[in-house]
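**Student:** I'll drop the sequence and a predicted model, then ask my questions.
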Amino acid sequence: MITYSDYKKIQDMKAKGYNGNQTYQKLGVTQYHTYKFWDMAEDDFLEYSEIKNEKFGKYKGFIADLIKQSPEIKSTTIWDRLYENFGKIESSKSQFYKYMKKIRIQQGFIYDYVKRKHSPMESPPGEQAQVDLGQTTLYDIYGNKVKVYFFCMILSFSRMKYVYFSCESFDSIRFVYAHELAFQYFRGRTIIIMYDQDRVMVVSENAGDVVFTSEFEEYKRMVGFDVFLCKKSDPNTKGKIERVVQYVKSNFLDGRVYSGIDSLNSSCLAWLDRTGNGLAHRVTKKPPRELFEIERKHLVYVTPRKIDLYKQRIVRVLDTGVVLYKMNRYELPQNTYKVGEYVRLEEVGELLQIVDPETNVLIVTHKLVDGSGKLATHEAAKKHPDAILDLTKELFNNNAVNGFLDKMALDKPRYIREQCRMFSKMLAEYRDIEIIDAVKVCTRRKKFCATDVLACLINKYGSQKAENIIPNGTHGHYERKANNLTKYNSLLED
């Protein structure tokens, strides 16, 4: 079967005065096809071609819509989208690609792909994985733009891939959460993982001296993998993952309608199974899933960890002077922060504390709002010291603590916010009964200060839990306080 392009060349040769024999010899088209289409009108040829491709005719409208929505969408992506929506197609891919060429000509969308050259780099099974982030804009069923962000990981030996989508941009905690999902998907990890020097994991880098974010550093230490940082757009080191990001965009996302983040992740897992990890790779000539059976035996098992995406995070102040948290909006006091500046959110019990990420100073405390789409105004927020004191009492609901807090407010009226915030942090690390016992000890010693309560806890339980509470540069102060409490150990055990 000749293509539309071949038909046009035959007609051009005819118009220039060539005869049939000269035409088929010059074009390389068979003599039979040359004379068959020599006097055929263009409309008749297109109708004839449609009959020949009738097995794809019922998909023509669906394919045409995809091409109009995304003109550079690949034919392999359309083939996969047909499989996703209509099931198995009773045709060979070569026939489908010929049909696609004709449809593109009819629609007026012809394109060429430019391939870049790079040096191949292989690694043994279980040794290396590569990670990168991507983002794109989709359209929902109403035509509204929706920005989505995604995390990709590929195992270098088998080319086994994992992709996780988020409707929120990646911060350090979500980046760690995506790793956890990937390790569960692969049922293990590699020895080394390659990355770009991205802000979600790297604070600073100077001549090889790298400082990671605290969340990523802690997770890396617990899980035990090694990190290799490379320069951006470096095909010689992490070309595999860069191609995966482009593959996700051009094959899975191209022409897709957004219908919710959960639906997108679910569809992506199905796509990975049938296409991303199910089709033969162009280099290995084998499906990644097949080579993964070899590689998975070399992966290191990772104990599943529960990661709370919302317990503590850095967010940007929106244009209405609010921050978004769990689908609700929380207003900041007027004239405190400009649009685009960042604040840190900390969830403690039923409270949401908004904190300055640089100075660590508490800005405002809200009660968490149920449901979604609601606004917690700054008028209703707990800014007054007495209100913050009442909220702290509600967290414990204990007479001994209530009396301690009242005394503390009398002794240190200027520092009630900071003192109450320290109690909130202690509650996140210690059990209620442990803090209450420490409060009783401090009450007996007439030490009505949150720092003394923390010193009691360090004295009895060690300093590991207190690491997230102790302000930077004050470890020595708390250690001295805790050491001075040795003679009161008997009281702590009452």
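**Tutor:** On my side now, so go ahead.

**Student:** So, low pLDDT: which residues of the stretch 251-400 of the chain?
**Tutor:** Along the stretch 251-400 of the chain, the parts satisfying pLDDT under 70 run over 310-312, 348-349, 358-360, 379-388.

**Student:** Show me where it has its helices.
**Tutor:** Counting by DSSP state H, counting those that start in this stretch, one finds helices in the stretch 251-400 of the chain at the ranges 261-271, 288-295, 385-396, 399-411.

**Student:** Mark out where each domain of this structure begins and ends.
**Tutor:** With domains defined by automatic domain parsing, the chain comprises 4-107, 128-298, 312-376, 385-492.

**Student:** Run the chain-centre distance for the last one.
**Tutor:** Put plainly, it is domain 385-492. Distance of domain 385-492 from its chain centroid, counting by CA atoms, centre = their mean, to the nearest Å, is 37 Å.

**Student:** pLDDT (mean, whole number) over the helix or strand where Ala455 lies?
**Tutor:** In the assignment (DSSP states H and E), Ala455 maps to helix 450-461. Helix 450-461 carries an average pLDDT of 87.

**Student:** so that helix versus helix 399-411, what angle?
**Tutor:** Interaxial angle, helix 450-461 versus helix 399-411 (axes from the mean of the first three to the mean of the last three CA atoms, to 10 degrees): 140 degrees.

**Student:** Tell me how many other residues crowd the residue lying closest to Leu375 once chain neighbours are set aside.
**Tutor:** For Leu375, the nearest residue in space outside its immediate sequence neighbours is Arg329; the separation is 4.7 Å by CB to CB, 6 or more residues apart in numbering. No exception for glycine: its C-beta is placed from N, CA and C like everyone else's. Arg329 sits with 17 neighbouring residues when counted by other CB atoms under 10 Å.

**Student:** I'd like to know how far Arg329 sits from Val323.
**Tutor:** Separation of Arg329 from Val323 (CB to CB, to the nearest Å): 7 Å.

**Student:** returning to what we had before: could I get the buried residue list for the helix holding Ala455?
**Tutor:** Of the residues in helix 450-461, Ala450, Thr451, Asp452, Val453, Leu454, Ala455, Cys456, Leu457, Ile458, Asn459, Lys460 count as buried by neighbour count, 16 or more other CB atoms under 10 Å.

**Student:** hang on, the first one packs against Met422?
**Tutor:** Yes. Using CB atoms under 8 Å as the test, Ala450 is close enough to Met422 to be in contact (4.0 Å).

**Student:** Give me the common contacts of these two.
**Tutor:** Contact with both Ala450 and Met422 is made by no residue, according to CB atoms under 8 Å, 6 or more residues apart in numbering.

**Student:** Next, format the helices of the stretch 251-400 of the chain as JSON lines and append distance to Ala466 and mean neighbour count.
**Tutor:** Supplementary listing: the helices of the stretch 251-400 of the chain in JSON lines, determined by distance: least, CB to CB, whole Å; neighbours: other CB atoms under 10 Å:
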{"stretch": "helix 261-271", "distance to Ala466": "37", "mean neighbour count": "15"}
{"stretch": "helix 288-295", "distance to Ala466": "42", "mean neighbour count": "17"}
{"stretch": "helix 385-396", "distance to Ala466": "18", "mean neighbour count": "18"}
{"stretch": "helix 399-411", "distance to Ala466": "19", "mean neighbour count": "17"}
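
**Student:** Alright, that wraps it up for me.
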